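Chemist: quick check, what structure comes out for this input:
(2 chains)
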Amino acid sequence: MGRSREPRQEGAGSSSSARARPLRVSAERLFELARHLTERDREVALYLYRHRVLTTDQLQLLFFSSRRRAQDRLLFLYRNRVLDRFYPPAQFGSGKPDAHWLLDEAGAILVAAMHDLERKQLGWQRRADWGSHPQLAHQLETNRFVTDLIAATLRDPAWALASGGHPPRRPTT
Amino acid sequence: MLPDAGFYLETRAGPIECYLEWDRATETQQRLAEKLLAYRLAEVELFEEGRPARCILFVVPGPRRLATLHHAYGDFERERALRASRGSIYSLDGSWPLLATSASRLRGEGHLAAVWERLDESSAPPLALTDLPVRDDLRPVGPNRTLGRRWRKNDPDFWRRLSPLGAGRHGATEEEGPIRPQPVDPAAEAFAARLRRLREAGHAEARRDAAALRSANPDQDLRSPAINGSMDDREDDVEEEPWR
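Modeler: Next up is the predicted model:
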């Protein structure tokens, strides 16, 4: 009875950070967590809800001033089940691949609340198989295009990129 | 049909609205033609005429796939001409720029270079994203609303936006005055209150449903079928033979 049936993004022998994650997201824990989240944390969750999977590098470019700060905060969000992560397989000798970040259960509840919806109305389902999902490469390449474009605009103050949606909502003149 | 991504490129002249189709050469030429048709239908049917243009960007893996996309545009053009000759109410005449480039060219020349070919004007020189039509009906956004610049420490508003608790970090010294109790982040408190309200609304709805069920059938057992809330697995009830 003690073992959870819930699939894990990280395999057996996972690190202490994975073991520290709660198996369930209780309401009390979520209320306490919501008081410790910043506007940036909520934007990270919302961005991952819209764009599904981003690497540490991409999230750093979008939301953080340094890689160390990005890693610390993403780990905090991971431990509290706002985010989930997986590491895609890499060739031997090429080092540990960049973590790929996803929305997790607590993050989905937060995103639903940001839209004034209940969790079940959000239409989001946690997937344990993103690492082998057939749409993963397509999603990663699409997101890579957008983040590369952002990186290009950062070099010139005349250009910038703003979020769009389907369709993008924005006030008119 | 949903585009793979949508974004605004903010320029000094105004925002350029773009939709991205990222192609991995896994679809047929016919499917590409259907996508072009869907975008033209969206332009004609979903948006009012005369509204500023949205730019549709196709990125394909390489030159051969780019040629396939041009052939698909030829198929689409034939369909458009056929509908126009029949006087179809679902006209495919439109003006949103349909542009394409290859991922290999993007890697070599950069995202802001003149690498985008117009599908509808094959003789036109390649365009840069900044050459595309701007939307003059939209308000410009400040740099602290744009991606990649919003959460930089050099933004003077960074600490206040991150959290009111960090607002005093810049230039604050011990001599400025007595230490005051830290204020509670009102945004986080409001967000937690909204979460509670949503949860209480969910509970109230569940109680109403349970009361309605009880009044309809007082003897019904509403308890969960299993301790952990999962569905009962009937196979577990079958006793196995002792192992020999």
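
Chemist: what about the strands in chain B?
Modeler: Under the criterion DSSP state E, strands of chain B are mapped to B:5-10, B:15-22, B:55-60, B:98-102, B:117-118.

Chemist: find the nearest non-adjacent residue to the closest residue to chain A within chain B, please.
Modeler: For chain B, the residue closest to chain A is B:Gly6, as judged by CB to the nearest CB, at 3.3 Å. C-beta coordinates here come from the backbone N, C-alpha and C atoms, glycine included. Of all residues not flanking B:Gly6 in the chain, A:Gly164 sits nearest, at 3.3 Å (CB to CB, 6 or more residues apart in numbering or on different chains).

Chemist: run a quick neighbour tally on the one you found.
Modeler: Using other CB atoms under 10 Å in any protein chain shown, A:Gly164 has 23 neighbouring residues.

Chemist: tell me where chain A has helices.
Modeler: For chain A, helices defined by DSSP state H occupy the ranges A:16-19, A:27-36, A:39-51, A:56-63, A:67-79, A:105-114, A:136-154.

Chemist: ranking those by mean pLDDT, which is last?
Modeler: Across the helices of chain A, helix A:16-19 has the smallest mean pLDDT, namely a mean of 53.

Chemist: in the helix ranked longest in chain B, what counts as buried?
Modeler: Ranked by residue count and defined by DSSP H, the top helix of chain B is helix B:186-216. Across helix B:186-216, burial judged by 16 or more other CB atoms under 10 Å in any protein chain shown covers B:188, B:191-192, B:195, B:198-199.

Chemist: just stretch B:15-25 next, same as before
Modeler: Applying 16+ other CB under 10 Å to stretch B:15-25 flags B:15-23 as buried.

Chemist: burial count for the nearest residue to A:Val111 once chain neighbours are set aside?
Modeler: Closest residue to A:Val111 apart from its sequence neighbours, by CB to CB, 6+ apart: A:Tyr49 at 4.6 Å. By other CB under 10 Å, the residues close to A:Tyr49 number 19.

Chemist: ok, A:Tyr49 - contacts?
Modeler: A:103, A:107-108, A:111, A:122, A:124 (CB atoms under 8 Å, 6 or more residues apart in numbering or on different chains).

Chemist: Serialize the residues you listed to a markdown table and add fields for neighbour count.
Modeler: As requested, these are exported to a markdown table (neighbours: other CB atoms under 10 Å in any protein chain shown):
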| residue | neighbour count |
| --- | --- |
| A:Leu103 | 28 |
| A:Gly107 | 29 |
| A:Ala108 | 23 |
| A:Val111 | 22 |
| A:Leu122 | 17 |
| A:Trp124 | 17 |
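
Chemist: I'd assumed B:Arg194 was in contact with A:Asp116.
Modeler: Yes - counting by CB atoms under 8 Å, A:Asp116 touches B:Arg194, with 7.5 Å between them.

Chemist: and the gap between the residue of chain A found nearest chain B and A:Glu43?
Modeler: Here chain A gets closest to chain B at one residue, A:Gly164, 3.3 Å apart by CB to the nearest CB. Using CB to CB, to the nearest Å, A:Gly164 is found at 15 Å from A:Glu43.

Chemist: for chain B, where's the lowest mean pLDDT among helices and strands?
Modeler: helix B:158-162 (a mean of 81; mean pLDDT, DSSP states H and E).

Chemist: now that one, how far from the centre of its chain.
Modeler: A distance of 26 Å separates the centroid of the chain from that of helix B:158-162, by CA atoms, centre = their mean, to the nearest Å.

Chemist: can I get that helix in PDB, CA atoms only?
Modeler: Extracted C-alpha coordinates of helix B:158-162, given in PDB (Å, rounded to 0.1, in the frame of the first residue of the first chain):
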ATOM      1  CA  PHE B 158      12.100  44.300 -11.200                       C
ATOM      2  CA  TRP B 159      12.100  43.800  -7.400                       C
ATOM      3  CA  ARG B 160       8.700  45.400  -6.900                       C
ATOM      4  CA  ARG B 161       7.100  43.200  -9.600                       C
ATOM      5  CA  LEU B 162       8.900  40.100  -8.300                       C
END
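
Chemist: how about it and chain A, touching?
Modeler: Yes - against chain A, helix B:158-162 shows contacts by CB under 8 Å from any CB of the partner chain at B:161-162.
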